[in-house]
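Visitor: Fold the following for me, if possible:
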Amino acid sequence: MCSSIQLDMPGRNIEKIYLADTYYHLYNRGINKGAIFPVKQDYAVFLNLLKRYLDTKPVKDNKGREYEWLHKKIELLAFCLMPTHYHLLVYQHKPECITSLIRAVAGAYTIYFNKKYNRRGPLFESRFRATVINRDEYLEHISRYIHLNPSNYRGWEYSSLPYYLKKRQAGWVQPKRIMGLFRNEDEYMEFLGDYREYKRSLELIKSELADS
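Guide: You can find the predicted model right below:
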């Protein structure tokens, strides 16, 4: 079962109750806006942690014990990892499972990071932030916002865009719900490239971000 732990930090986007069958935009950044992915290996470790919990089959540790398997409980629709922060777009089937996912991934990554860089204490600014998405239009804009985070978004290695364009495939990344809103990959890329429309939607998205 997924954890039912509730977050107790203040803030309108630090959700205390998570709903089933609901879209969420999840995001967090390094404490004091510090780097959380200094080198390429660090991005890979974080992505492998997402894969650990979201892959099509359960993953076991070196003692043969299965990690919590969330593949059928949460869909990772889009992601982008940036040097100081990350964005995830998810669809949650079971209440509170995103808490289990982020707690597991962020906890394991912090242990890895602190050991590698000989540091102590929290790595992330807060537990994590979450925004409910309840309109298709907003869903489209969030996917675009996530994928356009890097200025060189077409060649950025650490986002889900290659999965949208069928250049990569993996069971733990599931873009179908977003791509079902478009005719094909070309139309989605045109949507990303419509900068004027993106500028209009950016204020709406920023107003929903916790640090806006």
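Visitor: Going by C-alpha atoms from here, please, whenever you check contacts or count neighbours.
Guide: OK.
Visitor: For this protein, which segments are assigned as helices?
Guide: Applying DSSP state H to the chain gives helices spanning 40-54, 97-116, 136-147, 161-164, 176-179, 185-193, 195-208.
Visitor: will you turn those helices into JSON lines that also has mean pLDDT?
Guide: Listed next are these as JSON lines, based on pLDDT from 0 to 100:
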{"stretch": "helix 40-54", "mean pLDDT": "98"}
{"stretch": "helix 97-116", "mean pLDDT": "97"}
{"stretch": "helix 136-147", "mean pLDDT": "89"}
{"stretch": "helix 161-164", "mean pLDDT": "98"}
{"stretch": "helix 176-179", "mean pLDDT": "96"}
{"stretch": "helix 185-193", "mean pLDDT": "94"}
{"stretch": "helix 195-208", "mean pLDDT": "66"}
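Visitor: okay, those in CSV with distance to residue 79 next?
Guide: As requested, the helices of the chain are arranged in CSV below (distance: least, Cα to Cα, whole Å):
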stretch, distance to residue 79
helix 40-54, 10
helix 97-116, 13
helix 136-147, 7
helix 161-164, 8
helix 176-179, 12
helix 185-193, 15
helix 195-208, 16
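Visitor: now those helices in TSV, with distance to residue 124 and mean neighbour count?
Guide: As requested, the helices of the chain are exported to TSV (distance: least, Cα to Cα, whole Å; neighbours: other Cα atoms under 10 Å):
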stretch	distance to residue 124	mean neighbour count
helix 40-54	13	18
helix 97-116	8	18
helix 136-147	19	19
helix 161-164	25	20
helix 176-179	28	14
helix 185-193	29	15
helix 195-208	20	13
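Visitor: closest one to residue 89 among these?
Guide: Across the helices of the chain, residue 89 has its closest neighbour in helix 136-147 (7.3 Å, Cα to Cα).
Visitor: Nearest the geometric middle of the chain, what residue?
Guide: Nearest to the geometric centre of the chain sits residue 88, at 1.6 Å (Cα atoms, centre = their mean).
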